[in-house]
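1. I'll drop the sequence and a predicted model, then ask my questions.
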Number of protein chains: 4
Amino acid sequence: MAPQRESTRPLGVAVIGYAFMGKAHSHAWRNVAGYFEVPAFEQKVLVGRDADSVADAARRYGWQESETDWRKVLDRPDIDIVDICTPGWLHAEIAVAALEAGKHVLVEKPLANTVAEAETMVAAARAARARGVQSMVGFNFRRVPALALARTLIAEGRLGEIRQVRTAYLQDWLADAEAPMVWRLQKEKAGSGALGDIASHAIDQVQFLLGDTVADATGRMRTFVGSRRGPDGPQEVTVDDAVWASLSLTSGAVASVEVSRMALGRKNALRIEVFGTRGSLSFDSESLNELSVFDGAVAAAGQGFTRVLVTEPEHPYLEAWWPQGHLLGWEHSFTHEIRDFLVAVAAGTEPSPSFEDGLQLQRVLAAVAESAASGSAIVKVA
Amino acid sequence: MAPQRESTRPLGVAVIGYAFMGKAHSHAWRNVAGYFEVPAFEQKVLVGRDADSVADAARRYGWQESETDWRKVLDRPDIDIVDICTPGWLHAEIAVAALEAGKHVLVEKPLANTVAEAETMVAAARAARARGVQSMVGFNFRRVPALALARTLIAEGRLGEIRQVRTAYLQDWLADAEAPMVWRLQKEKAGSGALGDIASHAIDQVQFLLGDTVADATGRMRTFVGSRRGPDGPQEVTVDDAVWASLSLTSGAVASVEVSRMALGRKNALRIEVFGTRGSLSFDSESLNELSVFDGAVAAAGQGFTRVLVTEPEHPYLEAWWPQGHLLGWEHSFTHEIRDFLVAVAAGTEPSPSFEDGLQLQRVLAAVAESAASGSAIVKVA
Amino acid sequence: MAPQRESTRPLGVAVIGYAFMGKAHSHAWRNVAGYFEVPAFEQKVLVGRDADSVADAARRYGWQESETDWRKVLDRPDIDIVDICTPGWLHAEIAVAALEAGKHVLVEKPLANTVAEAETMVAAARAARARGVQSMVGFNFRRVPALALARTLIAEGRLGEIRQVRTAYLQDWLADAEAPMVWRLQKEKAGSGALGDIASHAIDQVQFLLGDTVADATGRMRTFVGSRRGPDGPQEVTVDDAVWASLSLTSGAVASVEVSRMALGRKNALRIEVFGTRGSLSFDSESLNELSVFDGAVAAAGQGFTRVLVTEPEHPYLEAWWPQGHLLGWEHSFTHEIRDFLVAVAAGTEPSPSFEDGLQLQRVLAAVAESAASGSAIVKVA
Amino acid sequence: MAPQRESTRPLGVAVIGYAFMGKAHSHAWRNVAGYFEVPAFEQKVLVGRDADSVADAARRYGWQESETDWRKVLDRPDIDIVDICTPGWLHAEIAVAALEAGKHVLVEKPLANTVAEAETMVAAARAARARGVQSMVGFNFRRVPALALARTLIAEGRLGEIRQVRTAYLQDWLADAEAPMVWRLQKEKAGSGALGDIASHAIDQVQFLLGDTVADATGRMRTFVGSRRGPDGPQEVTVDDAVWASLSLTSGAVASVEVSRMALGRKNALRIEVFGTRGSLSFDSESLNELSVFDGAVAAAGQGFTRVLVTEPEHPYLEAWWPQGHLLGWEHSFTHEIRDFLVAVAAGTEPSPSFEDGLQLQRVLAAVAESAASGSAIVKVA
């Protein structure tokens, strides 16, 4: 189905899911128009399984209505955009249905739990795109101003040819072996553990920052705590707690990836270093508003990493916000994501990253997992 | 007039001013209920002088209406709360009128441009309080989680007796001598320069963190660029660019203050160090989500400043937000401020800091200015 | 030959090599007795190939004599200790001869260029040890106080069971593709590139800190600049510029290693993070006097990495030096190394790390190289 | 008396004092020729009051002899240089006698305990200088490479006109109220407390870095612990624990100074920030090898403080040392100081800072103390 909106009314938006990601996206929908020039839209409906809880969340987050059946939302002609914030195993089904129903779709990362699901979604996205229906996968770190700035610097050639990228994403919410079983530790629901959840962010950044694609990968994966307390006794943890990977990129650059949910003391640290022939840069999400940049052209006596506080009006997304030096938070990356998505939808252009980008990333994750399962030897990305 | 609200309807809110502070407060009003349990309220009206601009801002920030005459708002029975975000020279007039009209009042810091104005406001606040009408001055840094945590640690005695506090607030938006004249550089409009604008934050933090009051003060003030380009040629800068002060507190502690709008390279750095007999702590607003804490009871070999990432659910205000390690921004201090104000208003308790607190701070600022004007000798706070 | 010294005279010391490492060791020999209680010794002779240069260096660094033929030194009965600071390809020959001549031997890391050489050296060391002749390989980072402290904390169980170690050693002296050919880039002289030079430090630290051994390894290696300007035109670079490895340890812990001589902007950064079940720690050689320690037993609201300035008298080696807060430099790690070696020699105990330790490390390096040469699959350490 | 050395023999050196400063200076004398091209000299004699202890120290630190009577040293024709490392109350007597005896004199900072003593020393230095006898006061921080680099940058105009300097020197060795009485807390021996000991460093840096002089000063001083345990019961502390000062410089710049021996958790932190019209810089002695530099000419989007690791051969003093990234320690500032002093003595030029510089600094300290004693009003520097 083609998009149904008459051009004169605001875009109608539905968000599916109201937990962590649903809350973050809702906040972005609620605020985006307060800062950015975006097409008119309305926060129509928030969807969740528990009627009372979702009604309460809808009220709190500024949605006109709540709903428990996402399929009903797809039938509504006043809904133009569906933003999918459910756990990963529901992404494919909802996204395909929504696209077929002519809804523009934004789906949280990673695109799906498996390559097969992602392929189905890409097929649906392509068909929809031909009808003017847009789709996007939401890697919010692309919209962190410091990382958007990093990409610009690299694209402008300020770092020269990139040789080496170091990434890590370190958390510690599973460091305690007594922490109980949750769905994120069950392969059938989560697809994978740290791999899909956080290595996906790190690897997406490698490709995003360099404008390059991973050619091959090695992987090691480890589950440090193999069994956790469930409601009825111990349950097996069927996903990885930590992943190590090395990636070679089409350009010849090499990237390292280390992610863990057991890095005691690191709460949510995405760290990235990029080393090129002319310059380098460094980022740490625990200092979210900073980018450190090294310019190799400076004479040795003056060389060093320049800590740029990315809060100037000249920086990506910043003109909309506060005077310099007034920091933004993690959630604002979603505000920027929604802004970019809305602008693209209204303009009829393809938002980025596309479902194809999401599928390609899934293939890299699959290569890492395959390598890990077979002695860590290099696996070419399909 | 006593508060007029029938208990069953939501509180009606008006914000006066829609520039920098009006935007920040509006954002807080719009989002506070999405995160915190607060009494029901409605974003009724945004007030500003330019009809078109304020109408546009009202639409963007979620206000039902806009208005150009703040007096009309005071006449409306559906308005219960007036939040004053105008430049300082308008604070007294509006606040007194609003309180007399039975509106609960939140006013941005500093309370007023002069001690005399502040005294008038305190008189009005006292009279209103007797009728159940609340008032508060908005020192938003008190609601930065790291600083709220700092106060708790000090109040619990974790630092022992405080001996020494170091504060600085460094900005650089006036470092360029070619930057043009603005109202903030004119004494008749702004009252003072860096003193009222940013030294007020630093000194409020000293008193807030220690739960103590300044007994006497020395001051130096300097205007580095004495004249700036106005619309019709050069105009004299009649306020200070930088201030240095030393304060002795009632407890015997000594605090230093250094603030500047010409500290080239420092964008918005409020830095605080507190040294006690048992422990110490350190804060920098450029690392807004961090507090470094030193525990003197630890054996020498293990001593050091512990960098606490203040994003745990156990930390002040954090339970409402994101999982650990997902940083908040500067603006969220206003969300917390509005939350605390709303809760107090609904409970009929006195919100803090009060107008009396604002007046007392004004007296400290006056002592600093008086010292600076008379050879920097110690001046007792009135 | 057994050690020849009559117990009453000071130990006679010879250093072979006077370039970078010879200078650093000489400085340590010259100063060690000024700070530490060590057995009496004399700086007898400095050995180098160029007679004038070595004579000048000997004079400057406090040696009584200079010599161009290291074999002559081994014949001298007044020499008890030979400290080998030559390039790696000379280690085996000199060390074996010195041990056979009854000299105690200290040799710079890595022990040798190949496993075969290292095995010969171990055989000689074992035979010598039976005659009371001691030997040691000099991994100086073990004597950086912050890292010595780290090892103590881990050995005491303060971090619980170690799960994950992250190491990197980043330099940039080869980032410039125009930098000329040097012996360190020729496999026949240097054995390997970043692998033996700096990955050896990182991997030694992993094993040293954990008191554990590497069981298997994966490796990737990359030479980014394949040819460099030699005296007679371009010459092939036959060693690696950068290495990535993942290691599993006997305990089940996993360690990552990333080293590079092309990490533009990083001058000499050895970074180590260790994550355990009870605590974590972090080190960066660019902040050489600091160790950051995380204690997981602290309640969430007070958790964080404590930055310990490792300059207290209670810290390893520090009692000999300056008051707290007065930083040590990189070179002092050699002073500590010489101190420990001298004390062991005098006591007739075995200094650490032994040649066996050096050989075992060489085997890990070989496993990394073998993995890198065969598709990065896991290789067991021989 | 004129210098007595026949030009052909090495300079004979004596150091008076072998405690903290005597040890640091001895280390520098022992090593300076190993790194730098300096005139030939011999470590002749170390002087101290306790015969056994000084003999032991002399042996350990490389001195040929020891001596208990400093006057005897002045009589020796083989002594050309006298380096005074005693407590401050002995500086004047020894320095004047040594200069009169024709010895070149280096004296530890501060020059003296009082302005009167310093004036006597200056008179002696002037008379000696006329006879070719040199003198210098040793503010070692001037020879920390990062600070020497800072001075160069400022002198080159890289920061433009300096407006504002912030300095602090924070220690905590007296934070414990139970720490016993020591001579440094007795006015008759130490002259003052934190003022002469560490504020002197901070203020010297202000003048050194800016090439400017203090015109007037305010001061506050505080003794937090008024009595400490002596050998025979409580004794009064007659010096300051902490000092706050503001200084105006001849150029119009303003500098702040805050020093304390009770800043719990800060072990030895000399922090300096300099803000100019074109650039700024920042230093912290706890990161001794770093200087952060801000260039205001960079476009806003790329602005930030560049962290220069001051270990390049192009940096002051660094060519003599190790490859880039290999950090120096605190003690090496003395090696550089001795190097500069030796070179000047041999060349017959005046080393810097002179006794006149030392006296001028003493007058600034006196102005701070006078201000503190009289209500903190501004006092002109005599």
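-> Thanks, I have the structure now. Numbers count the residues shown, from 1 in each chain, chains lettered A, B, ... in the order given.
2. check contacts around the residue with the largest distance to the centre of chain A.
-> Residue farthest from the centre of chain A, counting by Cα atoms, centre = their mean, is residue A:301 at 39.7 Å. Contacts for residue A:301 (Cβ atoms under 8 Å, 6 or more residues apart in numbering or on different chains) come out as D:149, D:308, D:312, D:314-315. Every C-beta, even on glycine, is put in place using the N, C-alpha and C of the backbone.
3. now residue A:335
-> Neighbour list for residue A:335: A:27-28, A:31-32, A:35-36 [criterion: Cβ under 8 Å, 6+ apart].
4. Then residue A:114?
-> Contacts for residue A:114 (Cβ under 8 Å, 6+ apart) come out as A:191, A:362.
5. Roughly how far does it sit from chain C?
-> 25 Å (Cβ to the nearest Cβ, to the nearest Å).
6. My guess is residue A:316 contacts residue A:149. True?
-> Yes. Contact status for residue A:316 versus residue A:149: in contact at 5.7 Å, counting by Cβ atoms under 8 Å.
7. can you tell me which residues contact the residue lying closest to the residue farthest from the centre of chain A once chain neighbours are set aside?
-> Nearest in space to residue A:301, with sequence neighbours left out and distances taken as Cβ to Cβ, 6 or more residues apart in numbering or on different chains, is residue D:314 at 4.0 Å. Applying Cβ under 8 Å, 6+ apart, we find residue D:314 in contact with A:299-301.
8. Just give me the closest of those residues to chain C.
-> For these, the minimum distance to chain C (Cβ to the nearest Cβ) is 9.9 Å, reached by residue A:300.
9. Excluding chain neighbours, give the residue nearest to that closest one in space.
-> residue D:312 (4.5 Å).
10. I'd like to know how many residues surround that neighbour.
-> Residue D:312 has 20 neighbouring residues, counting by other Cβ atoms under 10 Å in any protein chain shown.
11. same check, this time on residue A:269
-> Neighbour count for residue A:269, taken as other Cβ under 10 Å: 18.
12. Kindly state the domain boundaries assigned to chain A.
-> Domains of chain A are assigned by automatic domain parsing as A:11-141, A:145-287+A:289-328+A:361-373.
13. picking up where we left off before, taking the contacts of residue A:301 one by one, which sit in helices?
-> Counted as lying in helices by DSSP state H, out of the contacts of residue A:301, are residue D:149.
14. which two in the contacts of residue A:301 are spaced the farthest apart?
-> Farthest pair in these (Cβ to Cβ) is D:308 and D:314. Separation: 10.6 Å.
15. how many other residues sit next to residue A:211?
-> Using other Cβ under 10 Å, residue A:211 has 11 neighbouring residues.
16. Skipping adjacent residues, who's closest to it in space?
-> Nearest to residue A:211 is residue A:155, by Cβ to Cβ, 6+ apart, at 6.2 Å.
17. ditto for residue A:339
-> That would be residue A:36: by Cβ to Cβ, 6+ apart, it lies 4.5 Å from residue A:339.
18. Name all residues that make contact with that neighbour.
-> A:320, A:335, A:339 are the contacts of residue A:36 under Cβ under 8 Å, 6+ apart.
19. rerun that using 10 Å as the cut-off
-> By Cβ atoms under 10 Å, 6 or more residues apart in numbering or on different chains, the contact set of residue A:36 is A:317, A:319-321, A:335-336, A:338-340, A:342-343, B:60.
20. So which helix or strand of chain A has the lowest pLDDT on average?
-> The weakest-scoring helix or strand in chain A, judged by mean pLDDT, DSSP states H and E, is helix A:187-190 (a mean of 91).
21. got the contact list for the helix or strand just after that one?
-> Per DSSP states H and E, the first helix or strand lying C-terminal to helix A:187-190 is helix A:194. Contacts of helix A:194 with the rest of the structure, by Cβ under 10 Å, 6+ apart, involve A:169-171, A:174, A:184, A:200, A:202, A:221-223, A:239-243, A:258-263.
22. can you rerun that using 8 Å?
-> With contacts defined as Cβ under 8 Å, 6+ apart, helix A:194 is touched by A:169, A:239-243, A:259-261.
23. Could you pull out the buried residues of whatever helix or strand comes next after that helix?
-> Moving toward the C-terminus from helix A:194, the next helix or strand (DSSP H and E) is helix A:200-210. Going by neighbour count (16 or more other Cβ atoms under 10 Å in any protein chain shown), the buried part of helix A:200-210 is A:200-210.
24. so what strands line up beside the next helix or strand after helix A:200-210?
-> Sequence order places strand A:214-222 as the next helix or strand after helix A:200-210, per DSSP H and E. Strand A:214-222 pairs in its sheet with strand A:242-249 (antiparallel), strand A:379-380 (antiparallel), by DSSP bridges.
25. Perfect, that will be all.
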